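K.L.:
What follows is a predicted protein model with its sequence.
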Amino acid sequence: MGLNEKATRRRGAELEAAILDAAWEQLTERGYAGFTFEAVAERAETSRPVLYRRWPTRSDLLQATIRHHGAGQDVSAPDTGSLRGDLLTALRRSNDRRSNFLVLLSASLGEYYSESGATPSDVRDLLFGAQRMGIDDILDRAVARGEADPARLTPTVRTVPYNLYRHEVLMTLRPVPDEKLTAIVDEVFLPLVTP
């Protein structure tokens, strides 16, 4: 090993972050079928044994990759001053930032679900962990402003905007048109929760 190689060698957290970033790129570009230790090691410019020491199985590597990617996700709630504005802003942000991930969840991870017994919900939990979701802040502020009836905000109703959004992405495998996002808020959700 030459002097320059030693000076640029990555270790610890730096190496792990580089591997998980490379793994995310491999997963999103090639899907789970192309998510192999060899491909990730090559992309990360490291060796397979380095990966195996940290993650004994491909499933372990996938879970670490999703958690790593999720750690950088902004789940804060926009505050436009109105329930409608907050929901539209949040849905548009998800559409811009997360629609590819939803496609990945449905189209590319079928083999992972079959191998592991995991579900898309389990993968979503890996991505976001126990973070409080922005929708909860949006709805709490709407109740405080008198824009939403707390009695109508049942656990099922609270999930309606994002469930409809996810349905649209998964049915079309592309971002949702803005007019459909507006319809989700104006035609479905607001009539459900408005006092």
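P.N.:
The structure has been received and is ready for your questions.
K.L.:
Give me the spatial nearest neighbour of the residue most central in space within the chain, chain neighbours excluded.
P.N.:
Central residue of the chain (CA atoms, centre = their mean): L127, 5.2 Å from the mean position. With CB to CB, 6 or more residues apart in numbering as the criterion, L127 has its nearest non-adjacent residue at 3.7 Å, and that residue is G70. Heads up, the C-betas are built off the backbone N, CA and C, glycines and all.
K.L.:
The one you found - how many residues pack around it?
P.N.:
Summarising burial for G70: neighbours were counted as other CB atoms under 10 Å, giving 18.
K.L.:
How much space separates it from M171?
P.N.:
Distance check for G70 against M171: by CB to CB, to the nearest Å, it reads 24 Å.
K.L.:
Then G134?
P.N.:
Where M171 is concerned, G134 sits at a distance of 24 Å (CB to CB).
K.L.:
Please apply the same query to R53.
P.N.:
Applying CB to CB, the value for R53 to M171 is 41 Å.
K.L.:
Kindly report the same for E115.
P.N.:
As defined by CB to CB, E115 lies at a distance of 25 Å from M171.
K.L.:
Please apply the same query to P56.
P.N.:
From P56 over to M171 (counting by CB to CB), the distance is 37 Å.
K.L.:
T156: neighbour count?
P.N.:
For T156, the count of nearby residues is 9 (other CB under 10 Å).
K.L.:
heads up, I number from 3, so please use that
P.N.:
Right, with 3 as the first residue, what we last looked at is T158.
K.L.:
Next, the buried residues of the host helix or strand of it.
P.N.:
Element membership of T158 [criterion: DSSP states H and E] is helix 157-160. In terms of neighbour count (16 or more other CB atoms under 10 Å), helix 157-160 has its buried residues at R160.
K.L.:
next helix or strand past that helix?
P.N.:
Once helix 157-160 ends, the next helix or strand along the chain (criterion: DSSP H and E) is helix 162-174.
K.L.:
Lovely, talk soon.
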